[in-house]
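Enquirer: The following block contains a protein sequence and its predicted model.
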Amino acid sequence: MARALYIHWPFCAKKCPYCDFNSHVREGVDIAAWQAALISDMRAEAEVAWGEALTSIFFGGGTPSLMPPALVAALLAEAERLWGFDPGIEITLEANPSSVEAANFAALAGAGVNRVSLGVQSLDDAELKFLGRLHGADEALAALETAQTHFGRVSFDMIYALPGHTPELWQERLTRALSFGTGHLSLYQLTIEPGTRFASDVRRGRLVPLDDDEAAQLFSITKSLTEAAGMPAYETSNHARAGEQSRHNLAYWRYQDYAGIGPGAHGRRGGVATVRHKKPENFLAAVARQGDGIAEARALPVADQAAEALLMGLRLTEGIDLAALSARFALPVSGLIDEAALARLAGLGLMWREGDLIGVAPPGRSLLDSLLAEVVADTLVAA
């Protein structure tokens, strides 16, 4: 059962124009009410998602660094009481690199957080303004330095393939990002998500994204520079030094069980998919009414589980073991993948196969969604 726990904090100071995550801006937040609700939700989940001690906890959002450190400490204490902690547990908290939030880093480390993921996004003030961020480049660098002082492991995010990004510019930006010595970087191409302000801007002609060929060139530069720096991709957008991979995110990509609590949080446990109410007020009402925030708990057919495992696992550069997947879901390999499509894509250098192991080759990583649509067996897609 679940060995990973995700806790969602839904509040932000401002909604970014590219963001489609479950985040909300509120004038005030009743911390005591949220502590009680999240603990109730956690206790309800622990009754069914029991198992071995937790190996990872991830505070996502929203902006979890807006949580008072005392609240983080209370949630961690309850999680340890309910599940127990593995001696090497990874406890990650997403943080904005503002001076106000960086001031809490020492207290957050004291509460038990041992890994932080900073939403730097850019080291250029004009780009940060375009992205709707509230921090500046100097503030982000100061927060990064503070984080490296207080946390054993630090990662930060960068967004590239912005309008006007040339290969030379991105090479300069990424070279600088790599110079700060963190063990992990998440490097995301700007994606125009439905329902965001950027999607409206594109529709109205106010924003023109880079075309696919330009973005692919920047992706290639990303691969070359990170590999040369000893931080190769272990997942499509995530790069790490040896041993610095996000253990929590690996649980997702390896399709291991995890419990998800808080507004909009998803979970997978024992073949059941759970999702919590998204709107904060609806989540609180659900917890008051039924003791948890669950909006839906749905048993997944085996074919759906296998399809999800393939879709997640093929994001990893390590690939997936078809024999292990076949045994896990009691499905023949031919029921998992389209072997003719795999052979064709391997022949084109876009995928690879080594015995029972298959994966996406570097030239195919920027085409991941298209490749998955071709290689996953029709029987799984239809299911």
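Expert: The structure has been received and is ready for your questions.
Enquirer: contacting residues around stretch 343-355?
Expert: For stretch 343-355, the surrounding residues in contact (Cβ atoms under 8 Å, 6 or more residues apart in numbering) are 319, 342, 358-361, 363-364, 367, 371, 374-375. Bear in mind the C-beta positions are built from the backbone N, C-alpha and C, glycine included.
Enquirer: what's the lowest-pLDDT member of the residues you listed?
Expert: Here the lowest pLDDT out of these sits on residue 367, with 86.
Enquirer: Compute the number of surrounding residues for that residue.
Expert: Residue 367 is flanked by 16 other residues according to other Cβ atoms under 10 Å.
Enquirer: That one - nearest residue in space that isn't next to it in sequence?
Expert: Nearest non-adjacent residue to residue 367, counting by Cβ to Cβ, 6 or more residues apart in numbering: residue 350, 6.7 Å away.
Enquirer: Over to residue 233?
Expert: Excluding its sequence neighbours, the residue lying closest to residue 233 (Cβ to Cβ, 6+ apart) is residue 239, at 5.2 Å.
Enquirer: Does that neighbour touch residue 185 like I think?
Expert: Yes: with contact defined as Cβ atoms under 8 Å, residue 239 reaches residue 185; the gap is 4.8 Å.
Enquirer: Pull up the overlap in contacts between the two.
Expert: Jointly contacting residue 239 and residue 185 under the rule Cβ under 8 Å, 6+ apart are 226, 231.
Enquirer: tell me which residues in stretch 158-177 are buried?
Expert: Residues 158-162, 165, 170, 173-174, 177 are the ones in stretch 158-177 that count as buried (16 or more other Cβ atoms under 10 Å).
Enquirer: which residue is nearest the middle of the protein?
Expert: Taking Cα atoms, centre = their mean, the centroid of the chain lies closest to residue 249, which sits 6.3 Å from it.
Enquirer: right, and it touches residue 235 too?
Expert: Yes: in this structure residue 249 lies within contact range of residue 235 using Cβ under 8 Å: 7.2 Å.
Enquirer: quick revisit: nearest to residue 78, of the contacts of stretch 343-355?
Expert: The nearest member of the contacts of stretch 343-355 to residue 78, counting by Cβ to Cβ, is residue 319 at 37.1 Å.
Enquirer: OK, contacts around the closest one?
Expert: 313, 352, 357-360.
Enquirer: so what's it closest to, chain neighbours aside?
Expert: Counting by Cβ to Cβ, 6+ apart, residue 359 is the residue found nearest to residue 319 once chain neighbours are left out, at 2.7 Å.
Enquirer: got it, and residue 219?
Expert: residue 366 (4.5 Å).
Enquirer: So that neighbour: helix, strand or coil?
Expert: Following DSSP: H, G, I helix; E, B strand; the rest coil, residue 366 is assigned to helix.
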